[in-house]
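K.L.:
give me a model of this one.
(one chain, ligands or ions: 1)
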Amino acid sequence: MRSIAPSITADIDEIDQAQIINELYQANALAEHIRRQGSAIITSSTHCVDCGRPIPEARRHAVNGCRRCIDCQDLLENWRN
Ligand SMILES: [Zn+2]
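P.N.:
Here you go, the predicted model:
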C-alpha cells in the first residue's frame, strides 16, 4: 500500500514556500516604501488637528499620515501659496 504522507509533505512545503515568498514580498514592499518616504508608514489622524472634524477613512488611507481634513488642508496650502 502506498503512503499518502509524501504528497501531504509536498503540499505543506509548497504552502510554506508560498508564505515565505509572500513574507519576503511584503518585507521588500515595506523596505521600498520606507526608502521612498524616508520613514515608516505614518498613521493618519482620525480627526482634523485644526477643526476637529472626523477625517474620512478614504482620505486617511489615500494620504499617508494626513493630519487635516481636506478643507483645512486646502486653506493651509492656499495660505502658503
Ligand atoms: Zn479641518
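K.L.:
buried sites along the longest helix along the chain?
P.N.:
Assignment by DSSP state H gives helix 5-37 as the longest helix of the chain. For helix 5-37, the neighbour count (16 or more other CB atoms under 10 Å) marks no residue as buried. Where C-beta positions appear, they are placed from N, C-alpha and C, glycine not excepted.
K.L.:
what's it packed up against?
P.N.:
On a contact count with 3 or more CB pairs under 8 Å, 6 or more residues apart in numbering; DSSP states H and E, helix 5-37 meets no helix or strand.
K.L.:
so the helix or strand just after that helix, near the ion or not?
P.N.:
Next helix or strand after helix 5-37 toward the C-terminus (DSSP states H and E): helix 57-62. No. If you take CB under 5 Å from the ion as the test, helix 57-62 misses the ion, and the best it gets is 10.8 Å.
K.L.:
so for the very next helix or strand once past helix 57-62, what's the average pLDDT?
P.N.:
Later in the chain than helix 57-62, the nearest helix or strand by DSSP H and E is helix 70-80. Averaged across helix 70-80, pLDDT comes to 90.
K.L.:
what are the buried residues along helix 70-80?
P.N.:
Buried, per 16+ other CB under 10 Å, within helix 70-80: 72-73.
K.L.:
from here on, call the first residue 2.
P.N.:
Shifting the count to begin at 2 puts that one at helix 71-81.
K.L.:
extract the CA atoms of it and return them as PDB.
P.N.:
Below are the C-alpha coordinates for helix 71-81, written out as PDB (Å, rounded to 0.1, in the frame of the first residue of the first chain):
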ATOM      1  CA  ILE A  71      -9.500  68.300   3.000                       C
ATOM      2  CA  ASP A  72     -11.000  71.800   3.800                       C
ATOM      3  CA  CYS A  73      -8.300  72.700   6.300                       C
ATOM      4  CA  GLN A  74      -5.600  71.300   4.100                       C
ATOM      5  CA  ASP A  75      -6.800  73.400   1.200                       C
ATOM      6  CA  LEU A  76      -6.800  76.500   3.400                       C
ATOM      7  CA  LEU A  77      -3.300  75.800   4.600                       C
ATOM      8  CA  GLU A  78      -2.000  75.200   1.100                       C
ATOM      9  CA  ASN A  79      -3.700  78.300  -0.300                       C
ATOM     10  CA  TRP A  80      -2.400  80.400   2.600                       C
ATOM     11  CA  ARG A  81       1.200  79.200   1.900                       C
END
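K.L.:
I'm done for today, thanks for sticking with me.
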